[in-house]
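Peer 1: can you look at this prediction? I've put the sequence above it.
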Amino acid sequence: MVKYDLLVVGFGKAGKTLAATFAKEGKKVAVVEESSAMYGGTCINIGCIPTKTLIVAADNKKDFTEAKATRDAVVSKLNAKNFAMLDSSPNIDVYTAHAKFVSNKVVEISANGETKQLEGEIVVINTGAKNNVLPIPGLTTSKNVYDSTEFQKLEKAPKTLGIIGGGNIGLEFANLYARLGVKVTVIDFAPGILGREDKDIAELAQGYLEEAGIEFKLGTATKEIRNNGELVVVDTEKYGELEFEAVLHATGRRANTEGLGLENTDIELRPNGTIVVDEFCQTAVENVFAVGDVNGGLQFTYVSLDDFRVVNGYLHGNKEYTTADRKNVPYSTFISPALSHVGLHKEEAEAAYPNVAVASLPVANMPRGAVNQDPRGLFRVTVDKDTNLILGATLFGKNSEEIINLIKMAIDNKIPYTYIRDQIFTHPTMAENLNDVFKLI
Ligand SMILES: Cc1cc2nc3c(=O)[nH]c(=O)nc-3n(C[C@H](O)[C@H](O)[C@H](O)COP(=O)(O)OP(=O)(O)OC[C@H]3O[C@@H](n4cnc5c(N)ncnc54)[C@H](O)[C@@H]3O)c2cc1C
Ligand SMILES: NC(=O)c1ccc[n+]([C@@H]2O[C@H](COP(=O)([O-])OP(=O)(O)OC[C@H]3O[C@@H](n4cnc5c(N)ncnc54)[C@H](O)[C@@H]3O)[C@@H](O)[C@H]2O)c1
């Protein structure tokens, strides 16, 4: 048995940051990662970074082969950098092996036929999530059907692509592949895409995606998937049989707790496989934490990083910040243009506050829209007129993934909308239009 001050299971965002922090303080740390292809976790290797690299490459008019080569180069560089960041520390042992709990604070690791037990005074579970596999007959047995991880390995783009699931992953890949010249069809059982957004904004987004050549087959279940030679047939309830060269399925991601041996511990699981934690990300076992996607919170890299802040504070005697204090988490969907949101949506705000003002400004009216030669999109802000505080914003337009963070800061710090309305911004920028949209309140 090898003993450590901190044992991290899974090389995710929160865990690797805790490992580096504790090692700097002279603590003995182990990090167990089951695959060398995953040093740095999902975001670096199969998630945010490779997909956004592909999107930028396509924006820069690279073809599929060039875009894929750029993606692969960025991923291998960051994978190596992440490994080196931990491995170069004399206080960290990185084990490339599958970890399985044998008791509350002991995991067994096995690699290359060798088995070892590691014990942590503090244990952090950061095993992330994996692609959900729906029980559709033929989904796992048909040729040319991929999840988002396998799909990124293709060396050649299909001519026609069916995407089952029009969520974040589905829409980002749909827009990307349409730009690369692929005929894309999105199939979803929801009646509309982007269901949590204001209806008119979701419809606007769908319109832009359709202009990009994407077809939508919504409000339908998929009965079966099978092959017709090399082609994939998706048999849908509402639209009958649809045929594609390849199919991507992206219908959510499930916590990675299967095969982790948690039945040998007192750690509790929810029915959907996520780990039950308190507001410090602590499991039912003292000093055993679960962070990132595996604990059932929002599945974003920056939420995993925020779990790090919570656990790190707790372990250093600062219990001021908990997950219950985490509010106004912004998000962006990287379609073209990017769709970003923070705080309440229009209807939520109107239901919660008696005196709400909502203002919208089309990108077509913005000087930077003309400069960018891209008039698509809309900025919408929602304000409580009784206090002048901002309740929410949807920024749909180029670079909104950057600007949305400004609004989050304003909401968190209770900066009244009048401040942003009258603030000096650089020109010509997308951000300066916050002056004008708040002027409409
Ligand atoms: C295609 C795609 C695009 C995405 N785009 C974005 C985006 O733009 N922005 C954003 O914020 N989020 C995005 N996400 C979500 C984001 O990637 C995840 O929320 C985030 O990476 C989760 O990090 P984590 O800390 O939970 O762990 P992860 O980074 O998932 O790390 C978990 C690690 O644990 C390892 N592991 C699992 N089980 C074991 C075991 N038993 N033993 C040893 N190791 C194990 C895994 O191999 C993995 O490396 C995207 C996800 C995908 C799939
Ligand atoms: N830009 C980003 O920040 C970003 C990008 C990609 C992924 N992510 C994260 O990864 C998570 C997983 O992404 P995702 O796209 O897999 O999940 P998702 O929850 O965003 O979307 C899943 C989609 O699948 C659909 N669906 C479910 N069952 C279906 C069925 N039987 N047939 C057809 N459609 C069905 C749902 O209606 C939904 O539209 C996201 O929730 C997000 O947290 C974030």
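Peer 2: That came in fine, so what should we check first? Numbers count the residues shown, from 1 in each chain. Ligands and ions are numbered 1, 2, ... in the order given.

Peer 1: state the mean pLDDT of stretch 56-74.
Peer 2: For stretch 56-74, mean pLDDT is 97.

Peer 1: quick check: closest non-adjacent residue to the residue of the stretch 101-250 of the chain found nearest ligand 2.
Peer 2: Relative to ligand 2, the nearest point of the stretch 101-250 of the chain is residue 167 (1.7 Å; Cβ to the nearest ligand atom). Backbone N, C-alpha and C define where each C-beta goes, glycine included. Spatial nearest neighbour of residue 167, excluding adjacent residues (Cβ to Cβ, 6 or more residues apart in numbering): residue 250 at 6.5 Å.

Peer 1: that neighbour contacts residue 164, doesn't it?
Peer 2: Yes. Residue 250 lies in contact with residue 164 (Cβ atoms under 8 Å); the separation is 7.2 Å.

Peer 1: what's the overlap in contacts for those two?
Peer 2: residue 170 (Cβ atoms under 8 Å, 6 or more residues apart in numbering).

Peer 1: rewinding a little: the residue of the stretch 101-250 of the chain closest to ligand 2 and residue 156: what is the separation?
Peer 2: 26 Å (Cβ to Cβ, to the nearest Å).

Peer 1: more neighbours: those two, which one.
Peer 2: Neighbour totals were compared for residue 167 and residue 156, and residue 167 leads with 19 against 10 (other Cβ atoms under 10 Å).

Peer 1: ok, the more buried one - contacts?
Peer 2: Applying Cβ under 8 Å, 6+ apart to residue 167 gives the contacts 188, 250-252.

Peer 1: could you identify the buried members of those?
Peer 2: Among those, the ones that count as buried by 16 or more other Cβ atoms under 10 Å are 188, 250-251.

Peer 1: of those residues, closest to ligand 1?
Peer 2: residue 250 (7.5 Å).

Peer 1: please list all residues in contact with that closest one.
Peer 2: Applying Cβ under 8 Å, 6+ apart, the residues near residue 250 are 131, 147-148, 163-165, 167, 169-170, 173.

Peer 1: ranking by neighbours, what's the top pick from these?
Peer 2: Neighbour counts for those peak at residue 163, which has 29 neighbours (criterion: other Cβ under 10 Å).

Peer 1: quick one: it is in a strand?
Peer 2: Yes. Residue 163: assigned to a strand according to DSSP: H, G, I helix; E, B strand; the rest coil.

Peer 1: residue 316: how many residues sit nearby?
Peer 2: With other Cβ under 10 Å as criterion, residue 316 counts 10.

Peer 1: what do you get for residue 103?
Peer 2: Per other Cβ under 10 Å, the neighbour tally for residue 103 reads 14.

Peer 1: so what's the backbone phi/psi at it?
Peer 2: phi -160, psi -170 (degrees, to the nearest 10).

Peer 1: pretty sure it contacts residue 264?
Peer 2: Yes. Residue 103 lies in contact with residue 264 (Cβ under 8 Å); the separation is 6.0 Å.

Peer 1: for burial, what's the neighbour tally of residue 272?
Peer 2: Residue 272: 10 neighbours (other Cβ under 10 Å).
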